[in-house]
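**Student:** sequence first, predicted model second:
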Amino acid sequence: MNNAKFLIVSCWVVLIFAGNTLSAAEADTALLNGKIWTGESATTFVQAIAIAGNRVMATGTDEEIKKLIGDSTKVIELNKKLVTPGFNDAHIHFLSGSMILSSVDLLATTNLSEMNEVILDFAQKNPNKQWLTGRGWKYGFFEGGMPNKKHLDSLVPDRPVFLRAYDGHTGLANSKALELAGINRDTRYTGFGEIVKDANGEPTGAFLEGAQSLVSEVVPEASREEQLSALRQGMKYVASLGITSMQNANGDVEEYSLYQTLYENKELTLRFAMGFSVGAETTEQEIADFIEIKNNPTDPAWLKGQAIKFMVDGVIESHTAIMLDPYSDIPVDDRMQAHNWSIPVDQYRQLVSRLDIEGFQLYTHAIGDLAVRESLNAYELAISEASQRGDTLKRRHRIEHIEQIQADDIPRFAKLGVLPSMQPIHADPGTLDVWSKAVGEERLPRSFAWQSMLQNGATLVYGSDWPACISGNPMRGLHSAVNRKTMDGQPPEGWVPEQRITVAEALSAYTVNSAYASFDEKQKGKLVPGLFADLVVLSQDLFTIPAMDIHKTEVVMTMVDGKEVFERSSEP
């Protein structure tokens, strides 16, 4: 860390014994001469902060905090840099994202040429890999929004390749992968999804939703040690983005056990809450296992599993999101008209009521406006049943994504206490060409309706959906939330600009509100005395720079539990 950013002075620790109680007489760490947004309100800033152990000891002016500095206090000179509470990604798929870091990572590609370059480079550098797998291509790369196996065959004809779209809802396989999976014109899939076939009945290599399993099931599984290694790499990556907590939007007992191992080895460098996946095929034993973990968390400050994740529909780009009215880019959509739910609505309602009684917090993936409405209906029914039982349990059920919504459903979030958990990066106009055509002009004003949610009293919660997104960086999400433009400023007036929100509102959704979303607001989310010392130092002042420069901001330092877990070595 160079002198232009920080001046660090380290000394000895002094402790005072009062009777049998050991208490800190001085701060372990003091951060001075900064602009610290505490999260208490849009305009609450302090100059300095003191940390004792793993918690905020005090905040105030430099002069006030200097009184807490002793011989052993580590002093960090901020040079007027902005400090905020650590980012809490409220919707992430951390294991799959971490695995991508060592696979074909297409998330940063912006066109077909870049996609080809990354695939070819990875193939050349990994000649011994049996399968080439990865994620990140965009629908807009291909004419009509859907790719063909012939494209991958032209790049890698001799090895099986299977690449998921950036949103994870569509997969593309080359001919070699189809051959190894035994998929041909006679192969059928009857679950939630589809094998895309051409006019002659031949598989194109594209698979929608659950049909991707026909290929993924024959891909060699990563070993437990490979998964742990990927998570270690993933923790370093998200620390560099200022992420100090996350809420996983899928998972099972095996994945939870990976985080337990990291916790037991004292390797966790972020706080983790698991949402366990439940669907039409979930067994009674699996539910019993989830209940056991919920009732006996590993360590609520670091690792817990108190939530259930449902998925009721797909995505708009592939017409698998469930909409009230037909899609605008096709005359008739048989999949939409048939309402091909990921889980039958009746079964979903029953599971919502049952798992609500068990005391789980519930997440539901719902992107189409009809899917959102049915999710609200299911929650409303469960809340009504609880009221009739005299159940006073605090409920913070959530709906994830909400890319389309009917106007009369927006006020229901605040009324029911349901949290809109949304991912601003998905509204990047650079990825929305296929999406917008499917939605149509009439529905656009209700697209990613963040401002409407806030105006109607909802508690807006933000995450990234990494790796089902073009970037897991909160700065990109903040850019989209505040500007609703691409990074090069398109469209000039903003995409559905009436749904933009302020910097403070967006930061709150990533910090204060995200802590509330996991029942942790008394432990983290703000920089106030008594709460965990989880914070991030930024290279620019988000509150004063031009809004279009937000995405250029970098993390200078990330601190979790009062300890530095990331430090940028040079000026960005």
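**Tutor:** Received it, and whenever you're ready, just let me know what you need.
**Student:** what helix or strand is the residue nearest to Asn174 when sequence neighbours are not counted on?
**Tutor:** Residue nearest to Asn174 in three dimensions, not counting chain neighbours: Leu152, with 3.7 Å by Cβ to Cβ, 6 or more residues apart in numbering. Every residue, glycine included, has its C-beta placed from N, CA and C. Leu152 is part of helix 149-155 when elements are defined by DSSP states H and E.
**Student:** export that helix as PDB, just CAs?
**Tutor:** The C-alpha trace of helix 149-155 is given here as PDB (Å, rounded to 0.1, in the frame of the first residue of the first chain):
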ATOM      1  CA  LYS A 149     -23.900 -26.000 -32.200                       C
ATOM      2  CA  LYS A 150     -22.200 -25.400 -35.600                       C
ATOM      3  CA  HIS A 151     -20.600 -22.300 -34.200                       C
ATOM      4  CA  LEU A 152     -18.900 -24.200 -31.400                       C
ATOM      5  CA  ASP A 153     -18.000 -27.000 -33.800                       C
ATOM      6  CA  SER A 154     -16.100 -24.500 -35.900                       C
ATOM      7  CA  LEU A 155     -14.000 -23.500 -32.900                       C
END
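**Student:** for that helix, which positions count as buried?
**Tutor:** 149, 151-152 (16 or more other Cβ atoms under 10 Å).
**Student:** can you check stretch 194-204 too?
**Tutor:** Quick answer for stretch 194-204 (16+ other Cβ under 10 Å): 194-196, 203-204.
**Student:** likewise stretch 303-310?
**Tutor:** 303-310.
**Student:** okay if I get these as JSON lines plus secondary structure?
**Tutor:** Below are the buried residues of stretch 303-310 laid out as JSON lines (DSSP: H, G, I helix; E, B strand; the rest coil):
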{"residue": "Leu303", "secondary structure": "strand"}
{"residue": "Lys304", "secondary structure": "strand"}
{"residue": "Gly305", "secondary structure": "strand"}
{"residue": "Gln306", "secondary structure": "strand"}
{"residue": "Ala307", "secondary structure": "strand"}
{"residue": "Ile308", "secondary structure": "strand"}
{"residue": "Lys309", "secondary structure": "strand"}
{"residue": "Phe310", "secondary structure": "strand"}
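**Student:** and the pLDDT for the residue nearest to Asn174?
**Tutor:** In this model, Leu152 is scored at 91, pLDDT.
**Student:** residue ranges for the helices of the stretch 351-500 of the chain, please.
**Tutor:** Ranges of helices within the stretch 351-500 of the chain are 369-389, 410-416, 433-439, 450-455, 474-483, based on DSSP state H, counting those that start in this stretch.
**Student:** rewinding a little: between the buried residues of stretch 303-310, which sits nearest Thr459?
**Tutor:** Ala307 (16.0 Å; Cβ to Cβ).
**Student:** need the contact list for that closest one.
**Tutor:** By Cβ atoms under 8 Å, 6 or more residues apart in numbering, the contact set of Ala307 is 247, 273-276, 360-363, 518.
**Student:** next, count neighbours for Ala321.
**Tutor:** Using other Cβ atoms under 10 Å, Ala321 has 29 other residues around it.
**Student:** so which of the buried residues of stretch 194-204 comes closest to Asp356?
**Tutor:** Glu194 (32.0 Å).
**Student:** ok, and the closest non-adjacent residue to the closest one?
**Tutor:** That would be Leu208: by Cβ to Cβ, 6+ apart, it lies 4.4 Å from Glu194.
**Student:** would you confirm that that neighbour contacts Thr320?
**Tutor:** Yes: with contact defined as Cβ atoms under 8 Å, Leu208 reaches Thr320; the gap is 5.9 Å.
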